[in-house]
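In: A structural model of the following input is requested.
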Amino acid sequence: METPLRIAIADDHALFRQGLRSQLRLQAGLVVVGEVDRADELAAMIAATPCDILLLDLQMERSALIDIKALAERVSVIVVTASERAEDALAALRSGARAVVFKRFAIETLMDAIAAVVDGNVWMPPALQKYLAARLNEPPEEPLTPREIEIVRHVAMGLRNAEVAARLAISEVTVKTHLNNIFQKLGLRGRTALALYAIRMGIIGVPEGSP
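Out: Take a look at the predicted model:
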């Protein structure tokens, strides 16, 4: 008799968690071994209840990206999320998730993702695959200079232009000029978009306790 696949669920919505557990119990060859509703309980659950697959909500009391990085070496992480933003899905995959499944999908799609991960593959929604294919056909971004990367890092950490100028021993006008060039190169608008870019590209880490 084959050993069943051990599944754990991490989601802060009780109704979704209960419904998912009920659906998974109807599937042959797997068993739900644990559940948590808070990201800060994940490590303890995985340590106490070893599992093969973790179905992880991307947003509980904080972003799950830091948890994926910490847990990806111990368990195969499948992100199950209501967010269908390509940026969120790509950030999860870059952090170590093996699959991303949108919550609106049927249980059969989740089972396809689980099967792909068990086979050693990465799974993502067709819409995300199309997005990535389109990005491959775009002209490459002009690379940022080392100084521009410094500017991005400081701005993404929440510093104002004057504070960045003071830290880098340059004028505030120079900071503004660099920022204008950076926004033009990356096709971004606003500091929030720049901060998300910095996290996605690993220029800065995801802040501890981020909402």
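In: From now on I want contacts and neighbour counts done on CA atoms only, so please keep to that.
Out: OK.
In: Can you show me the helices along the protein?
Out: 14-25, 42-48, 65-71, 86-95, 107-118, 126-136, 146-156, 161-168, 172-186, 191-200 (DSSP state H).
In: Please point out which parts of the last one sit buried.
Out: Okay, so that is helix 191-200. Under the neighbour-count criterion of 16 or more other C-alpha atoms under 10 Å, helix 191-200 has 191, 194, 195, 196, 197, 198, 199, 200 buried.
In: returning to that earlier point: and of the helices of the chain, who's closest to residue 80?
Out: Nearest of these to residue 80, taken as C-alpha to C-alpha: helix 107-118 at 8.5 Å.
In: Direction-wise, compare the closest one with helix 14-25 and give the angle.
Out: Relative orientation of helix 107-118 and helix 14-25, computed by axes from the mean of the first three to the mean of the last three C-alpha atoms, to 10 degrees: 70 degrees.
In: now for helix 107-118, which elements pack on it?
Out: Using 3 or more C-alpha pairs under 8 Å, 6 or more residues apart in numbering; DSSP states H and E, the elements in contact with helix 107-118 are strand 76-81, strand 99-102.
In: Can you give me the buried ones in it?
Out: Result for helix 107-118 [16+ other C-alpha under 10 Å]: buried residues 110, 113, 114, 116, 117.
In: I'd like those written out as JSON lines, with pLDDT and distance to residue 185 added.
Out: JSON lines is the format used below for the buried residues of helix 107-118 (pLDDT from 0 to 100; distance: C-alpha to C-alpha, whole Å):
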{"residue": "110", "pLDDT": "96", "distance to residue 185": "38"}
{"residue": "113", "pLDDT": "96", "distance to residue 185": "36"}
{"residue": "114", "pLDDT": "96", "distance to residue 185": "38"}
{"residue": "116", "pLDDT": "94", "distance to residue 185": "37"}
{"residue": "117", "pLDDT": "94", "distance to residue 185": "36"}
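In: Dump the buried residues of helix 191-200 to CSV, plus distance to residue 51.
Out: Formatted as CSV, the buried residues of helix 191-200 follow (distance: C-alpha to C-alpha, whole Å):
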residue, distance to residue 51
191, 39
194, 37
195, 34
196, 31
197, 33
198, 32
199, 29
200, 28
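In: just those residues now: which is nearest residue 98?
Out: Taking C-alpha to C-alpha as the measure, residue 98 lies nearest residue 200 of the buried residues of helix 191-200, at 16.5 Å.
In: ok, so what distance separates the closest one from residue 155?
Out: Distance, residue 200 to residue 155, using C-alpha to C-alpha, to the nearest Å: 15 Å.
In: And residue 117, by the same measure?
Out: Taking C-alpha to C-alpha, one finds residue 117 at 37 Å from residue 155.
In: and what of residue 118?
Out: Relative to residue 155, and taking C-alpha to C-alpha, residue 118 is found at 40 Å.
In: Also residue 2?
Out: For residue 2, the distance to residue 155 - C-alpha to C-alpha - is 53 Å.
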